[in-house]
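S.K.: Any chance you can model this:
(one chain, ligands or ions: 1)
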Amino acid sequence: MNHYYLLCIAASLLTCSLCAKTPNLIIILTDDQGYNDVGFNGCSDIPTPHLDQLAADGVRFTDGYVSYPVCGPSRAGLLTGRYQDRFGFTTNPTIDPSNPDAGLPKSEENIAEVLNKANYSSAIIGKWHMGSHTSNHPLNRGFDYFYGFLSGGHSYFPKNYKLNDLTEVTRIWEWYNTRLLENFERIDVQEDYLTDVLTDAATGFIEEKVKADQRFMLYLAYNAPHAPLQATEKYLLRFPDIADEKRRTYAAMVSCVDDGVGRVMESLRRHNIEDETIVVFLSDNGGALTKNASDNGALRGAKSDLFEGGIRVPFAMQWKGIIPAGQVYSHPIISLDIMGTITALAGVKIAEDRPLDGVNLIPYLTGENNEAPHDQLFWRKWEQQAMCIRDGDTKLVANTQRHKNSYQLFNVENDLSETKNLRKQSPEKSKELLEAWEAWDDQLKDRTFPTLMADKWWERL
Ligand code: CA
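M.R.: Residues are numbered from 1 along each chain as shown. Okay, here's the model as predicted:
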């Protein structure tokens, strides 16, 4: 009897200690925000105090990457922890609501589906873009709560939401004006600005999970500061000194996101769960520069490039009490590591036929492991026949059509702006990296669905 009793106590203590080590996860993703458009990376004209605080309370990644330089594939990588070309997600998919194959393939498990196995409750708030057919709706893909829109972008002014849903689209870009969805329900909102609406939904979800005492994962996917450039007077008035109207509107949009991050963090503090919550912030690709007046600083290129300006993004992570505060981490890491980290912490077994490319970052951030998390990182743009590999400080890139003269070799540590092509000086290194990339490429699939604008799908609805 006594032995049994002691065993029960031991088991319950063990469970509790495991619980305490399994954190909530909040992923705050922005859209098309430039590397230099956060205070923690040196931005001077747009104050981002809450994002800076997040980085100061945790780690700022100087060399934080995403797996693709535009929205859809980058998100597919982030949500699966795998290079998205492994499952043919090579470009932005069509948002044709009648196409069940466009989006995350059902053969892949996303972060919500995997965390369900560890009893997490998961929400996506904001932009989905992982398929618009009912079978790909977030609630049919492992999420317990959805508040937002299915397409790849949206108007910021709820007064513009004249369409009930995507089936009513008759013209290009009209999908920016659908009503929002809460789970499967179309809803109307009273506020005047979408970014604030999404923040409200995020804090509401956190509150509900705290009340239910439930472990959660929140994927807060703001569409800001993606075009269209739209902001309300409340935020525009913060930037009277920015003369360029596009940059001023962009600044207002980023400032509103920063307010939102502040409200999310305040919610964690108010409920006393900041220590048990990992918060990750990143952009889904580099700044689009001319389209949204973003700023990638010294990085070469922009959204859609495999130069650093397309794939290296503002990236920070906080886990109080575990990740030492004020850390600047310079080994290359990638968005795929978010999945690698949380699945390792939650102790979820990953299917053997779908191994993750992302790794658990925590041992690297606590100093337990001083090696680089990745020997090599890879990128491919299948339609454009473009490639890129980063190996230590060296990078081989063919940003446009691959052929023997388009490869460029850079040392991105000494030459951040990728100005000095070292390929002729280092033919051996170039060959070695190309061979490594080709071996990786052999594991990938061709595109499996129609692209965003394919066949003018809206004319067939
Ligand atoms: Ca984007």
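
S.K.: which residues in the stretch 1-150 of the chain form strands?
M.R.: 24-30, 59-61, 64-65, 121-127, 145-149 (DSSP state E, counting those that start in this stretch).

S.K.: ranking those strands by burial, who's on top?
M.R.: strand 64-65 (a mean of 28; mean count of other Cβ atoms under 10 Å). Placement of C-beta: from N, CA and C, glycine included.

S.K.: returning to what we had before: kindly reformat the strands of the stretch 1-150 of the chain as CSV containing distance to Glu432.
M.R.: Output for these, formatted as CSV (distance: least, Cβ to Cβ, whole Å):
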stretch, distance to Glu432
strand 24-30, 34
strand 59-61, 26
strand 64-65, 21
strand 121-127, 39
strand 145-149, 44
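
S.K.: With mean pLDDT and distance to Thr134 added, can I get those strands in a markdown table?
M.R.: Below are the strands of the stretch 1-150 of the chain laid out as a markdown table (pLDDT from 0 to 100; distance: least, Cβ to Cβ, whole Å):
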| stretch | mean pLDDT | distance to Thr134 |
| --- | --- | --- |
| strand 24-30 | 98 | 24 |
| strand 59-61 | 98 | 37 |
| strand 64-65 | 98 | 33 |
| strand 121-127 | 98 | 16 |
| strand 145-149 | 98 | 12 |
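
S.K.: Next, Leu433: secondary structure please.
M.R.: Using DSSP: H, G, I helix; E, B strand; the rest coil as the criterion, the local structure at Leu433 reads helix.

S.K.: ugh, wrong one, I meant Ile172
M.R.: coil.

S.K.: what about the nearest residue to Leu150 once chain neighbours are set aside, neighbour count?
M.R.: In space, and not counting its chain neighbours, Leu150 is closest to Ser132: 4.4 Å by Cβ to Cβ, 6 or more residues apart in numbering. By the criterion of other Cβ atoms under 10 Å, Ser132 has 27 neighbours.

S.K.: Quick one: residues contacting the residue in the chain that the ion sits nearest to.
M.R.: The chain approaches the ion most closely through Cys71 (3.6 Å), counting by Cβ to the ion. Applying Cβ atoms under 8 Å, 6 or more residues apart in numbering, we find Cys71 in contact with 31-32, 92, 127, 129, 152, 226, 284-285.

S.K.: Among those, name the buried ones.
M.R.: With neighbours counted using 16 or more other Cβ atoms under 10 Å, the contacts of Cys71 contain these buried positions: 31-32, 92, 127, 129, 152, 226, 284-285.

S.K.: Considering those, which is situated nearest to Ser107?
M.R.: Among those, His129 lies closest to Ser107 (Cβ to Cβ), at 18.9 Å.

S.K.: what residues are up against that closest one?
M.R.: 71-72, 75, 92-93, 95, 150-152.

S.K.: ok, Ala251 - contacts?
M.R.: So Ala251 contacts 45-46, 238-239, 242 (Cβ under 8 Å, 6+ apart).

S.K.: Just confirm it is within a helix.
M.R.: Yes: under three-state DSSP, Ala251 sits within a helix.

S.K.: Write out the residues of the stretch 201-350 of the chain neighbouring the ion.
M.R.: Selection of the stretch 201-350 of the chain residues close to the ion by Cβ under 5 Å from the ion yields 284-285.

S.K.: in the stretch 201-350 of the chain, which spans are helices?
M.R.: 233-236, 245-270, 308-311, 336-346 (DSSP state H, counting those that start in this stretch).

S.K.: With that, I have no additional questions.
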